[in-house]
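S.K.: Need coordinates for the below:
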Amino acid sequence: MDASDAIKPVRASQSEMTEVVLPNDANPLGNILGGKVMHLMDICGAIAAHRHSSSYVVTASFDYVEFLSPVRVGDLVVLKSSVNRVFRTSLEVGVKVFSENILTGARRHTSSAYITFVALDEYGRRKEIPAVQPETEEEHRRFREAGARREHRLFQRQRKHGSPV
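M.R.: Prediction:
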């Protein structure tokens, strides 16, 4: 079966990671570094992209990284990723980050981002990947919104470089 004929549900590649925030991950205020959060987002997002594409992936862009509240030393940082949409050889993955208090179990949404990955074959060439099939209303909403974000990214790239994509 050719990748263009295959369709995979969103749930097949959803991923979750959990780590404890240690002092070496933090700034002088005792909050996890933004760069560390982005590093973890990239890994968690790539896991979903790998699972969906069954291939190597590389990060093409980070869109709309938002830091809503800090994650403190001693908290757990919980990351959840999900494929929003596939565009032939690239795909957008949404990543949400939560802090979890280890004593109370209370969770708080702390960060979000949209990451675009490109699938590569064993020779480092772009590889066509299966489409994603949203099933829930939330997955359909994310699918639609990913299309609008892609159009915006392509428009910005064309504006910046002055050539069609």
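
S.K.: Tell me the spacing between the residue lying closest to residue 122 once chain neighbours are set aside and residue 126.
M.R.: Nearest non-adjacent residue to residue 122, counting by CB to CB, 6 or more residues apart in numbering: residue 56, 7.6 Å away. Placement of C-beta: from N, CA and C, glycine included. Separation of residue 56 from residue 126 (CB to CB, to the nearest Å) stands at 11 Å.

S.K.: Now do the shared contacts for the two.
M.R.: 119, 120 (CB atoms under 8 Å, 6 or more residues apart in numbering).

S.K.: Pretty sure residue 74 sits in a helix.
M.R.: No - Residue 74: not assigned to a helix; according to DSSP: H, G, I helix; E, B strand; the rest coil it is coil.

S.K.: And for it, the neighbour number?
M.R.: Using other CB atoms under 10 Å, residue 74 has 14 other residues around it.

S.K.: who's in contact with it?
M.R.: 20, 21, 102 are the contacts of residue 74 under CB under 8 Å, 6+ apart.

S.K.: ok, and the closest non-adjacent residue to the first one?
M.R.: Translated: residue 20. residue 76 (5.7 Å).

S.K.: ok, that neighbour touching residue 102?
M.R.: Yes - using CB atoms under 8 Å, residue 76 is in contact with residue 102, at 5.9 Å.

S.K.: More neighbours: those two, which one.
M.R.: Remark: of residue 76 and residue 102, residue 76 carries more neighbours, 16 against 11, as counted by other CB under 10 Å.

S.K.: which other helices and strands contact the helix or strand of the chain with the lowest mean pLDDT?
M.R.: Counting by mean pLDDT, DSSP states H and E, the chain has its least confident helix or strand at helix 137-161, which shows a mean of 89. Secondary-structure packing of helix 137-161 (3 or more CB pairs under 8 Å, 6 or more residues apart in numbering; DSSP states H and E): strand 56-67, strand 76-87, strand 90-100, strand 107-120.

S.K.: Okay, and the beta partners of the residue nearest to residue 20?
M.R.: residue 20, residue 100 (DSSP bridges).

S.K.: can you tell me how far it sits from residue 107?
M.R.: Distance from residue 76 to residue 107, by CB to CB: 9 Å.

S.K.: now the helices and strands packed on helix 137-161 in JSON lines, with distance to residue 144 and mean pLDDT?
M.R.: As requested, the helices and strands packed on helix 137-161 are exported to JSON lines (distance: least, CB to CB, whole Å; pLDDT from 0 to 100):
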{"stretch": "strand 56-67", "distance to residue 144": "16", "mean pLDDT": "93"}
{"stretch": "strand 76-87", "distance to residue 144": "9", "mean pLDDT": "98"}
{"stretch": "strand 90-100", "distance to residue 144": "12", "mean pLDDT": "98"}
{"stretch": "strand 107-120", "distance to residue 144": "13", "mean pLDDT": "97"}
